[in-house]
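Peer 1: sequence plus the predicted model coming up.
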Amino acid sequence: MPLTVRYLSFLFIILCGYNAIARQRYEQYCNGRFGYCLEYPAFLTPQPEAQNGDGRLFTDKAGQERLRVYGAGNWTFNDEGRAITLPQLYRMELQGGRFPSKPARVVKYSVLKKDWFVLSGTIGGKIFYLKVLAKGDAFCYAVLRYPESDSVIYNTVSAKLAGGFR
């Protein structure tokens, strides 16, 4: 019987934690230069917008970067000398991106739609979530990175980014 009580107590604590996460307050950041908006959790601290107005970083209480959002003009050209398309950028990101990272990222989930794509997986012991939007002649990025130990908190944040970054 004591095992059942401990199990139920543990379950109660977990469910209370999930409930608190679900009630998390969100703020909105909109970028005037590239015309994107996103909702970010109020527990992240927005840093000053970049000098060129392309985006900003959001840090946790320890000062660690957790979320980076920015826009970039489409100045990457394909073999025909034309600006790359969203599907071409998607394939490029699946293969490590324009600036392959070390350690290499491992993509565990990816989806390509008409005007956006998402990649998610791991890189150097952290989980990453990348969403890219096509906006006119620019691409807008939201990159969330967090330790696997914080998955309970940040999985909810990535789900909110999935629909709240536009």
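Peer 2: Cool, got the structure. Note that the structure is a prediction, hence the values are computed from the model and not measured.
Peer 1: need the contact list for the closest residue to Asn52 other than its chain neighbours.
Peer 2: In space, and not counting its chain neighbours, Asn52 is closest to Arg33: 7.8 Å by Cβ to Cβ, 6 or more residues apart in numbering. Placement of C-beta: from N, CA and C, glycine included. Shown in contact with Arg33 (Cβ atoms under 8 Å, 6 or more residues apart in numbering): 52-54, 71.
Peer 1: and Arg33, helix, strand or coil?
Peer 2: Under DSSP: H, G, I helix; E, B strand; the rest coil, Arg33 falls in the coil class.
Peer 1: would you mind measuring from it to Leu130?
Peer 2: 20 Å (Cβ to Cβ, to the nearest Å).
Peer 1: quick revisit: and the contacts of Arg33, which are buried?
Peer 2: For the contacts of Arg33, a burial check counting by 16 or more other Cβ atoms under 10 Å picks out 54, 71.
Peer 1: related to what we said a few turns ago, and the residue nearest to Asn52, what pLDDT?
Peer 2: Per-residue confidence (pLDDT) for Arg33: 96.
Peer 1: likewise Arg68?
Peer 2: For Arg68, the model assigns a pLDDT of 97.
Peer 1: which neighbouring elements make contact with the strand or helix carrying it?
Peer 2: Assessed by DSSP states H and E, Arg68 sits inside strand 65-73. With contacts taken as 3 or more Cβ pairs under 8 Å, 6 or more residues apart in numbering; DSSP states H and E, strand 65-73 sits against strand 26-31, strand 36-41, strand 55-59, strand 138-147.
Peer 1: and the contacts of the first one?
Peer 2: Residues outside strand 26-31 that contact it (Cβ under 8 Å, 6+ apart): 36-42, 46, 49, 53-56, 69, 71, 140, 160, 164.
Peer 1: measure the residue nearest to Asn52 to Leu57 for me?
Peer 2: From Arg33 to Leu57 the distance is 16 Å (Cβ to Cβ).
Peer 1: now do stretch 155-166: distance to the chain's middle.
Peer 2: Remark: stretch 155-166 is offset 7 Å from the chain centroid, using Cα atoms, centre = their mean, to the nearest Å.
Peer 1: returning to that earlier point: can you list the residues that contact whichever helix or strand comes after the strand holding Arg68?
Peer 2: Helices and strands here follow DSSP H and E; after strand 65-73, the next one along the chain is helix 86-94. Under the criterion Cβ under 8 Å, 6+ apart, residues 76, 78, 84, 98, 107, 110, 112, 115-117, 119, 130, 132, 134, 139 lie in contact with helix 86-94.
Peer 1: lovely, talk soon.
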